[in-house]
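**Student:** coordinates only, sequence not included:
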Ligand SMILES: C[N+](C)(C)CCCC[C@H](N)C(=O)O
């Protein structure tokens, strides 16, 4: 099983800055640092958008995107937008490694072609979709605990601890994980995992089909896509997949916040029905705009780094 796609997925995700990469790879070390920096920058720039999205999906106190941004900044300063970022920054490398590695190796099993051969013998969109769904299903269980901790921390709207003020429930990602484990048991760390799996399995298939389709539209047969094509295709693949993912993204976030005070929903279906009954069908598109705005740059950078790394291995 070729491992370069796992490693490329790992590097193309934002690595915590300061992590070195082996200098014996063909590209000079300066280019790796640039790639890692762009990946980390992509996620760091995208995180505030994600925080606003999560709050719009799970809290009814905001009248919209601008209201959420203003209230967050006023009450928590700029730091409020970066709550819960450390775990995604640390875990996204593993998640992307599984996502891209499983996708590429599933394609290898389905088509008996490597990443390079697939430029000459492009796989069918059915095979791309099946391979993407496989990657989406398997990465969901790596993502679930980190995503839960991220959402719980993002929803803490108390300002940074000040003398005399009530400290937030969770003091940080590790304390959050330990508290969930203690209060809700080990299964508590997978709260919302089913919604996450149902969200990601089909939409990662859409993610890769959109990317492949756009690359082929703008690349002559047998040639490798240009960097501009990869950026645009990766960005729109992110938007297309997040548009389809948003309804279950709302449910996932609500399931992850459920049980914090008391269990409001009897399960995923009850959460969907209760949310629709109370707030109308529009509730399933909460965060769609901001999801899309975030999705383009983050995924453009992810795919560019991934393609660049695989090409540099030739
Ligand atoms: C499958 N779903 C649409 C949920 C995500 C696909 C894109 C994942 C990417 N790391 C990002 O954070 O945007």
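**Tutor:** Cool, got the structure. For clarity, every value in this text was computed on a predicted model and none was experimentally measured. Residues are numbered from 1 along each chain as shown.
**Student:** Please list the residues of the stretch 201-314 of the chain that sit near the ligand.
**Tutor:** Contact residues (C-beta under 6 Å from any ligand atom) of the stretch 201-314 of the chain with the ligand: 203, 204, 207, 238, 241, 242, 245, 295, 298, 299, 302. Glycine gets a C-beta too; all of them are placed from N, C-alpha and C.
**Student:** Show the contacting residues for the first one.
**Tutor:** Meaning residue 203. By C-beta atoms under 8 Å, 6 or more residues apart in numbering, the contact set of residue 203 is 136, 241, 242, 244, 245.
**Student:** what ranges do the helices span in the stretch 201-314 of the chain?
**Tutor:** Using DSSP state H, counting those that start in this stretch, the helices of the stretch 201-314 of the chain run over 227-257, 268-279, 288-313.
**Student:** ranking those by mean pLDDT, which is last?
**Tutor:** When those are compared by mean pLDDT, helix 288-313 comes last with a mean of 86.
**Student:** Okay, buried residues for that one please.
**Tutor:** 288, 290-310 (16 or more other C-beta atoms under 10 Å).
**Student:** Can you report how many residues neighbour the residue of the stretch 201-314 of the chain found nearest the ligand?
**Tutor:** Nearest residue of the stretch 201-314 of the chain to the ligand: residue 241, at 3.5 Å (C-beta to the nearest ligand atom). The local packing of residue 241 (other C-beta atoms under 10 Å) involves 27 other residues.
**Student:** quick one: contacts for the nearest residue to it once chain neighbours are set aside?
**Tutor:** Sequence neighbours aside, residue 207 is the residue nearest to residue 241 in space, at 3.8 Å (criterion: C-beta to C-beta, 6 or more residues apart in numbering). Contact partners of residue 207, counting by C-beta under 8 Å, 6+ apart, are 132, 136, 237, 238, 240, 241, 299.
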